[in-house]
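S.K.: Provide a 3D model corresponding to the input given below.
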Amino acid sequence: MDWSIQEIAQIAGTTSRTLRHYDDIGLLKPSRTGHNGYRYYDGPALVQLQRILLLRELGLGLPAIAEVLDRETDTVKALSSHLEWLAQEQDRLTRQIASVRQTIDTLKGDGKYMAQNMFDGFDHTQYKDEVEERWGKDAYAAGDSWWRGMSADEKQQWKDRVQQLGTDWISAAESGVAPDSAEAQDLARRHVEWLRGIPGTPTTVPGGDVKGYVTGLGGMYVADPRFAANYGGESGAAFVRDALRVYAEKNL
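M.R.: Predicted structure coming up:
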């Protein structure tokens, strides 16, 4: 059984133009082409499209998605891993929804706030093990203490700064400027200044390998889809990595 390109576009919430583009770049080939030139897709093609759309939601660009699909040939294993991540996200969002609903009920009702319930699903310690593995327990402890010591306004200001930095990186990458351009290097300077404000990292430790830390982070931005998503996908993360490398060589 197969479906026409128009049917798949409607079912998947995409467009025929997008599907034709995926075909042109070799990302998703139709299972057959009819005598009228229409593309048709069978079950395996639909599975491939589902994986593509899932990876797009993670913020990956099309070149990065192609690499992932070529590398992760065990479709069941890849989808199982993605399903596990989705289930974790579902649980986190469910808890956030419940906490916000409870806050609304509190505001409408007796006004008795339950602090332990208001922030369920907002746990910044979810990456504790990973941070400790990468940079040590002291790094996590220092960062955790720093974050908990912030006021709500300070935390929001920090988040806004991070978001603006990411937006500016994406804009610069999309504009086509070179990593060693003045614009990119100013962003790299801002990025390093931001890193220097995070306790527990080599940027705040006397004698710390700041250069190695900055260039290492740049490489991680590209290698880890979660970080790459902050910069518009792998190509944007590669731009950040290259700009940080140039800045580190000249200034750190």
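S.K.: mind listing the helices for this structure?
M.R.: Assigned by DSSP state H, the chain shows helices spanning 5-12, 16-24, 43-57, 62-71, 75-108, 115-118, 128-135, 137-148, 152-175, 182-196, 210-223, 225-228, 234-251.
S.K.: Would you single out the least confident of those helices?
M.R.: Among those, helix 115-118 has the lowest mean pLDDT, at a mean of 45.
S.K.: Give the bridge partners for the closest residue to R32 other than its chain neighbours, please.
M.R.: Sequence neighbours aside, Y40 is the residue nearest to R32 in space, at 5.0 Å (criterion: C-beta to C-beta, 6 or more residues apart in numbering). Backbone N, C-alpha and C define where each C-beta goes, glycine included. Per DSSP bridges, the residues bridged to Y40 are S4, R32.
S.K.: who wins for proximity to H35 among the helices of the chain?
M.R.: The closest of the helices of the chain to H35 is helix 5-12. By C-beta to C-beta, the value is 14.6 Å.
S.K.: how many degrees apart are that closest one and helix 43-57 in direction?
M.R.: Angle of helix 5-12 versus helix 43-57, following axes from the mean of the first three to the mean of the last three C-alpha atoms, to 10 degrees, is 50 degrees.
S.K.: Please work out which residues outside helix 5-12 touch it.
M.R.: 3, 14-16, 18-20, 30, 38-41, 46, 49, 53 (C-beta atoms under 8 Å, 6 or more residues apart in numbering).
S.K.: tell me the residue furthest from the middle of this structure?
M.R.: Centroid-distance maximum for the chain: H35 at 41.9 Å, with C-alpha atoms, centre = their mean.
S.K.: quick one: pLDDT of that one?
M.R.: 88.
S.K.: For it, what are phi and psi?
M.R.: Dihedral pair for H35: phi -60, psi -20, per degrees, to the nearest 10.
S.K.: Need the max-distance pair from the contacts of helix 5-12.
M.R.: Y38 and L53 (21.3 Å).
S.K.: Quick check: which of the helices of the chain is nearest to P202?
M.R.: helix 210-223 (4.1 Å).
S.K.: Report the angle between that closest one and helix 182-196.
M.R.: 110 degrees.
S.K.: Could you list the residues in contact with helix 210-223?
M.R.: 192, 195, 201-203, 227-228, 230-231, 234, 237-238, 240-242, 244-245, 247-249, 252.
S.K.: ok, 6 Å please
M.R.: P202, T203, F227, E234, A237, A238, V240, R241, L244, R245, A248, L252 (C-beta atoms under 6 Å, 6 or more residues apart in numbering).
S.K.: That helix: which residues count as buried?
M.R.: V210, K211, Y213, V214, T215, G216, L217, G218, Y221, V222 (16 or more other C-beta atoms under 10 Å).
S.K.: The first one and R71: what is the separation?
M.R.: Which is V210. 32 Å (C-beta to C-beta, to the nearest Å).
S.K.: and what of S16?
M.R.: S16 sits 28 Å away from R71, taking C-beta to C-beta as the criterion.
S.K.: These two: which is more packed in?
M.R.: S16 (16 against 8; other C-beta atoms under 10 Å).
S.K.: How far does stretch 161-168 sit from its chain's centre?
M.R.: 13 Å (C-alpha atoms, centre = their mean, to the nearest Å).
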